[in-house]
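**Student:** sharing a model prediction with you, sequence too.
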2 protein chains.
Amino acid sequence: MARPKRRVERRADLVEAARRAMLQHGTSVRLNQVAEQAGLTSGAVLYHYPDLQDLLLDANRAGMERFYDGRLRAIEGLNDPAQRLIVTIASGLPIDSDDDGVRLLCELGGAAARSTVYAALLTSLYDRQVAMYQVILESGAAQGVFVLADSSLTISRNLVALEDAYGYRMMARHSNIDHDVATRLIVDYARLATAHPLPLDILTTIGNSTQKNVKQT
Amino acid sequence: MARPKRRVERRADLVEAARRAMLQHGTSVRLNQVAEQAGLTSGAVLYHYPDLQDLLLDANRAGMERFYDGRLRAIEGLNDPAQRLIVTIASGLPIDSDDDGVRLLCELGGAAARSTVYAALLTSLYDRQVAMYQVILESGAAQGVFVLADSSLTISRNLVALEDAYGYRMMARHSNIDHDVATRLIVDYARLATAHPLPLDILTTIGNSTQKNVKQT
DNA sequence: ATTGTTCTTGAATTCGGATTCAAAGAATTC
DNA sequence: GAATTCTTTGAATCCGAATTCAAGAACAAT
């Protein structure tokens, strides 16, 4: 009844299963729940990952990388700094309160306060996102398109902070804050910080290159 | 060996114990761990709170109220809008990565995505904090001290969002972001939004009316 | 097909925590 | 200080989940 794959692939399957399980049950997810998501028994999971914590860590790491890569991909090919800025802002926010990527990250906020490992992971993600914005801002400033009201570091830190916070708000299903409203709120700040009008219609013309995540069973 | 108090007081003790236990173990804290914090056995806890979830909910509610009240108290007696704004910003951030109040709130971010109750709690806290800022901004604008670059709602939402996010960053012990840095980052935004210089020395002259929370055993 | 390796199951065991409750301790009242 | 009520303990029990492992299934190589 079993059909062995390569060790690496199997572990990847488990990482994916763990990701789904954590979305449902949080960081204190049970081994059985992961096994169920994987369509296996707990013993099989343990065969590949003797320690559940390692699996959860890998799953979260993978989730973070996927999120970050998605953002990079969202602006690849775009050259206009204003467009890059707006698209990046939009890609940092969850589509809705069911958005898998952001959901997983939100689970880690509390864990980071208690675990140095998760703290390091989240901090590194934050820093990379800040750097991402800095590149956009600096290039825009160099082209004379943006006139920065503060250092690019300050503005970038604030932009990522705003994304994070509105992500949390949306996960908590705030009735007045959806993807569109949150984008506008952050862009309002970005306008002040860059002295650029940052027209939002740039977004709609592109369509959402950010793909909606599929419903999980 | 037991020394009965009034029912209400005893429950308050348990709420406090639950708060401490959650700071150590997160929202998935065990009944025994709460009992230990209370210096009781699990049976005694169950006598007052037959359902642990109710106790945790009360504890988080209490934590939120305490946090909010603290912020209100921080600006009571202050009249200068600029001073009120800066002090409010500072009071929304944790003192350091051990700050109890913010720590507890961060634990709830993940839970809110899965629980409607915690979602409602966090949303209500957010909205109240937004309203708090709106009052300050509007009164400053009415006095001609502030010239708002966006609606007071937009600015207030962003200010609270920034606090939240930097709270999370600090809880994750970001090495470059402490209370002082985070305050400056948010104030940088507030300056753009209010067209007011918002001198930070206003803070130091007051001393911190925000009391440092005591080390817990 | 046979052999050997990899993978998975299912049952047994163990572990930890939740729950229950009779008995006893501690305050209150009179 | 006796009676009453409230509170806590500690032991027993229950339950779910983690862990272990022998046995068997699935595949690869030959």
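**Tutor:** Arrived safely, thanks for sending.

**Student:** shaky segments in chain A?
**Tutor:** Applying pLDDT under 70 to chain A flags residues A:1-5, A:204-217.

**Student:** please repeat the previous calculation with a cut-off of 80.
**Tutor:** Counting by pLDDT under 80, chain A has low-confidence residues at A:1-7, A:203-217.

**Student:** hmm, the longest helix belonging to it touching chain B?
**Tutor:** In chain A, assigned by DSSP state H, the helix with the most residues is helix A:116-142. Yes: for helix A:116-142, a contact with chain B is found by Cβ under 8 Å from any Cβ of the partner chain, at A:116, A:118-119, A:122-123, A:126. (C-beta placed from N, C-alpha, C; glycine too.)

**Student:** ranking those by neighbours, who comes first?
**Tutor:** residue A:122 (25 neighbours; other Cβ atoms under 10 Å in any protein chain shown).

**Student:** report the buried residues of the longest helix of chain A.
**Tutor:** Residues of helix A:116-142 classed as buried: A:118-119, A:121-123, A:125-127, A:129-130, A:132-134, A:136-138, A:140 (neighbour count, 16 or more other Cβ atoms under 10 Å in any protein chain shown).

**Student:** go on, stretch A:66-75?
**Tutor:** Neighbour-count burial for stretch A:66-75, counted by 16+ other Cβ under 10 Å, picks out A:67-68, A:70-71, A:74-75.

**Student:** hang on, isn't residue A:109 packed against residue B:171?
**Tutor:** Yes: contact criterion Cβ atoms under 8 Å: residue A:109 and residue B:171 qualify, at 7.4 Å.

**Student:** what is in contact with these two at once?
**Tutor:** Residues touching both residue A:109 and residue B:171 by Cβ atoms under 8 Å, 6 or more residues apart in numbering or on different chains: residue B:106.

**Student:** quick one, domains of chain A?
**Tutor:** Here the domain parsing of chain A from automatic domain parsing is A:1-50, A:54-206.

**Student:** so who does the residue nearest to residue A:128 when sequence neighbours are not counted touch?
**Tutor:** Counting by Cβ to Cβ, 6 or more residues apart in numbering or on different chains, residue A:68 is the residue found nearest to residue A:128 once chain neighbours are left out, at 6.1 Å. When contacts are counted by Cβ under 8 Å, 6+ apart, residue A:68 touches A:125, A:128-129.

**Student:** return the closest of the buried residues of stretch A:66-75 with respect to chain B.
**Tutor:** Closest approach between those and chain B, by Cβ to the nearest Cβ: residue A:67, at 15.2 Å.

**Student:** which strand or helix spans the closest one?
**Tutor:** helix A:52-75 (DSSP states H and E).

**Student:** and that helix with DNA strand D, contact?
**Tutor:** Yes: interface with DNA strand D: helix A:52-75 contributes residue A:52 (Cβ under 7 Å from any atom of the strand).

**Student:** now do that helix against helix A:116-142, angle only.
**Tutor:** Counting by axes from the mean of the first three to the mean of the last three Cα atoms, to 10 degrees, helix A:52-75 lies at 10 degrees to helix A:116-142.

**Student:** so what touches the next helix or strand after helix A:52-75?
**Tutor:** Later in the chain than helix A:52-75, the nearest helix or strand by DSSP H and E is helix A:81-91. For helix A:81-91, the surrounding residues in contact (Cβ under 8 Å, 6+ apart) are A:70-71, A:74-75, A:78, A:132-133, A:136-137, A:139-140, A:143, A:145-146, A:159, A:163, A:179, A:183, A:186-187, A:190, A:194, A:196, A:198-200, A:202-203, A:206, A:208-210.

**Student:** what's the closest non-adjacent residue to the residue nearest the centre of chain A?
**Tutor:** With distances taken as Cα atoms, centre = their mean, chain A has residue A:67 as the residue nearest its mean C-alpha position (3.9 Å). Distances taken as Cβ to Cβ, 6+ apart put residue A:101 closest to residue A:67, at 4.5 Å, once the chain neighbours are dropped.

**Student:** correct me, but that neighbour touches residue A:65?
**Tutor:** No: using Cβ under 8 Å, residue A:101 is not in contact with residue A:65; the gap is 10.6 Å.

**Student:** who's more crowded, the two?
**Tutor:** The residue with more neighbours, out of residue A:101 and residue A:65, is residue A:101; 21 against 11, by other Cβ under 10 Å.
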